[in-house]
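Novice: Any chance you can model this:
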Amino acid sequence: MNKNWINVFIAALFEIFWVIGLKHADTLWTWAGTVISIIISFYIMIMAGRKLPVGTVYAVFVGLGTAGTVISEIIFFGEPIKISKILLIIVLLIGVIGLKLVTTDVRKGVDS
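Specialist: Numbers count the residues shown, from 1 in each chain. Below is the predicted model of the structure:
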């Protein structure tokens, strides 16, 4: 896995932080953390999109962010566990992994 794909995963991690922040922030500091997470998340994703196919980068970014947010809500905030939700997250992650595996960097002709 190259540096650009690692950056996509890091951007998705910050996406999880800011999405949770949008729901749970209630002080100046938590709102500041949410805004900083948004800026970091999008900056890293945009930088990765300059070297990788932008459609795949965005799909992986959003897919991982969605799965991570749902899992975080279950683990940290008591969201009820539903088998259907878990199965759909698994399907989503299979799609994201599949996209990553079949994507090549057309600029260099090398698997990314």
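Novice: from here on, contacts and neighbour counts on C-alpha atoms
Specialist: OK.
Novice: Point out where this protein drops to low pLDDT.
Specialist: 1, 105-112 (pLDDT under 70).
Novice: And the helices in it?
Specialist: For the chain, the helices defined by DSSP state H cover 3-24, 28-49, 54-77, 83-102.
Novice: which of the ones you listed is buried the deepest?
Specialist: Among the helices of the chain, helix 3-24 has the highest mean neighbour count (mean count of other C-alpha atoms under 10 Å), at a mean of 19.
Novice: so what does that one touch, helix or strand wise?
Specialist: For helix 3-24, the packing partners by 3 or more C-alpha pairs under 8 Å, 6 or more residues apart in numbering; DSSP states H and E come out as helix 28-49, helix 54-77.
Novice: Columns distance to V96 on top of these, output as TSV?
Specialist: Output for the helices and strands packed on helix 3-24, formatted as TSV (distance: least, C-alpha to C-alpha, whole Å):
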stretch	distance to V96
helix 28-49	15
helix 54-77	5
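Novice: show me what contacts the nearest residue in space to F9 that is not next to it in sequence?
Specialist: Excluding its sequence neighbours, the residue lying closest to F9 (C-alpha to C-alpha, 6 or more residues apart in numbering) is F61, at 7.0 Å. Counting by C-alpha atoms under 8 Å, 6 or more residues apart in numbering, F61 touches 8-9, 11-12, 45.
Novice: Redo the residues you listed as TSV? Include distance to F77.
Specialist: Below are these laid out as TSV (distance: C-alpha to C-alpha, whole Å):
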residue	distance to F77
V8	25
F9	23
A11	22
A12	19
M45	27
